[in-house]
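Q: Got a sequence here, can you build the structure:
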Amino acid sequence: MNEIRREAVNYFKSEKAYHSLFKKFREKYQSIGRIGGTVPVRFFSKEELAVFAKFFGVSVSELEKKGSLSLQKFEEQLEKTRFQGIGLKTLLDDFFGEVIYSKKEMERRKEEERIEKFSVLKKSYPVLAEWLDYVSEKHGDSRWILRLAEEDFGRFKAYADQLAKAVRSLPEKPERLPFFSQRITSNPHSFDVHTELGKMFLHLLAFLLDGTASRFPRTTEEVNDLLNEYGIYRDDLLNFATMSGFFAEGEDGALHPVWKAAAESQTVVHYPLRALVRLKRIYPRMGKKVWIVENSGVFSMLLDEAPEAPIICTNGQFKLATWFVLEKLAREGCTFYYSGDFDPEGLGMAERLMDRFPGRVRLWRLSLEDYRKSRPAEEISPTRLEKLKGIDHADLKPVAEEMEKTKRAGYQESLIEWLVKDLKNENG
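A: Here you go, the predicted model:
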């Protein structure tokens, strides 16, 4: 700052009225990005207006009559003083001791700074690169993450370090969330779902499923389902597989007495994950075909008609316990016959099952013809219809496209007659 600019600052700072005026000038410049516009005189006291009137060489009443003070006129008047050549923008910068930017320019600079920081993060944590790009795109589901990064990048970077470790160290076999958290961060509560890091972890896991965060969980059940996708569970007692018609062996290779008794007595059992993880083998009591249904009512009716059939009920979305059982059955060479509801979630479950066990899944009464037979009547909301766009499997796509047109869901219960017939034909 040269001498004349320093003198100008000292002069205007010596009069309190200019503090009030220049604050308003600064706000106006930040708003429009140039020296222009006006500031209403109503913001100032009579005493302050008297100071401004003297600067402009007019009376207070004339200023009040005009109703506002023009930034451009002030700069023109500044040129007539001994501070000629400074310019109002330079004066404001010197007065406040910082370069004043417009809001648009501040946003641009903030964005450039964030892009640079995210670029460094992507190089440090390649496993997070695509997720960080997604967050940068400012989707509604990730704005809160972006806001956190902008407000406290140091904390965000620390979270990124832990998230990268978590993704690289997802469990190879089912693991409780607190123990997973302890293993990754040395704190069993770091990934608790109500914490910032826990919510970011869920967002990242949802993104890794399909490249979006469309499955970011909103309910406790959805949180559990998402964690289950990665072999992480919060509860190993209420996380169970509902089954009938199966044997199992323990780590010692001996036939498990509970499973033997249940299968031989044709008893339905909810096997908790806590017990399942101790098993070495699970296999059907007879044959290699495993029947999987989504709804408990259908499951029960099928067992009424074919009590010896090896059937699994998912009770809605697949739980970790069910995935665990299916993995064991796949190793035994079993083929899965899956029947679910004709809605976006049911088709999504079918596709996930086929993706997880390619070549081992047969769709059971899930054709376009079966959809029409189900007499679809319940309206599907626009939000749920969006899920159908992600259905890519050739055998499911015709049903998804028809469902998008009709906007109606059909249910397994409508097909029970055919399901029973299929099962009886296969099981004698």
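
Q: packing partners for the helix or strand in which K123 is found?
A: Using DSSP states H and E, the element containing K123 is helix 103-124. Counting by 3 or more Cβ pairs under 8 Å, 6 or more residues apart in numbering; DSSP states H and E, the packing neighbours recorded for helix 103-124 are helix 16-32, helix 129-136, helix 143-151, helix 153-168. To be clear about C-beta, it is placed using only N, CA and C from the backbone, and glycine gets the same treatment.

Q: Count the neighbours of E107 for me.
A: Residues lying near E107 (other Cβ atoms under 10 Å) number 11.

Q: Give me the distance between it and R274.
A: Using Cβ to Cβ, to the nearest Å, we find E107 at a distance of 52 Å from R274.

Q: Endpoints of stretch 274-284, how far apart?
A: From its first residue to its last, stretch 274-284 covers 20 Å (Cα to Cα, to the nearest Å).

Q: For that stretch, could you pull out the residues that count as buried?
A: Buried residues in stretch 274-284, counting neighbours by 16 or more other Cβ atoms under 10 Å, are found at 274-276, 279, 281-284.

Q: Also stretch 32-52?
A: In stretch 32-52, the ones that count as buried by 16+ other Cβ under 10 Å are 35, 37-39, 41, 44, 48-49, 51-52.

Q: Over to stretch 175-188?
A: Quick answer for stretch 175-188 (16+ other Cβ under 10 Å): 175-177, 180-181, 184-185.

Q: Quickly list the domain ranges of the protein.
A: 3-100, 104-201, 240-426 (automatic domain parsing).

Q: Packed most tightly, which of those domains would that be?
A: Mean neighbours per residue, mean count of other Cβ atoms under 10 Å, is largest over the domains of the chain for domain 240-426, with a mean of 18.

Q: what's the average pLDDT for it?
A: In this model, domain 240-426 has a mean pLDDT of 94.

Q: so how far is that domain from its chain's centroid?
A: Offset of domain 240-426 from its chain centre (Cα atoms, centre = their mean, to the nearest Å): 27 Å.

Q: Check the separation of the first and last residues in that domain.
A: First residue to last in domain 240-426 (Cα to Cα) measures 27 Å.

Q: quick one on the thing from earlier: relative to A377, which of the buried residues of stretch 175-188 is nearest.
A: The shortest approach to A377 among these belongs to L177, at 39.6 Å (Cβ to Cβ).

Q: And the closest residue to F180 other than its chain neighbours, how far from A254?
A: Excluding the flanking residues, the one nearest F180 by Cβ to Cβ, 6 or more residues apart in numbering is I232, at 5.5 Å. Separation of I232 from A254 (Cβ to Cβ): 30 Å.

Q: And for E79?
A: Separation of E79 from A254 (Cβ to Cβ): 99 Å.

Q: What of T81?
A: Relative to A254, T81 is positioned 100 Å away (Cβ to Cβ).

Q: same check, this time on A53
A: 101 Å.

Q: Let me know whether R155 touches L148 as I believe.
A: Yes: at 7.2 Å, R155 counts as touching L148 under the criterion of Cβ atoms under 8 Å.

Q: list the contacts for R34?
A: By Cβ atoms under 8 Å, 6 or more residues apart in numbering, the contact set of R34 is S102.

Q: Next up, identify which helix or strand it is on.
A: Using DSSP H and E, R34 falls within no helix or strand.

Q: Ok, S61 next?
A: S61 belongs to helix 60-66 when elements are defined using DSSP H and E.

Q: other SSEs contacting that helix?
A: So helix 60-66, by 3+ Cβ pairs under 8 Å, 6+ apart, packs with helix 46-56.

Q: what angle do the helix it packs on and helix 16-32 make?
A: 80 degrees (axes from the mean of the first three to the mean of the last three Cα atoms, to 10 degrees).

Q: distance between helix 46-56 and the chain's centre?
A: 56 Å.

Q: Please work out which residues outside it touch it.
A: The contact list for helix 46-56, computed with Cβ under 8 Å, 6+ apart, reads 15-18, 20-21, 41, 44, 59-60, 62-64, 69, 73-74, 77.
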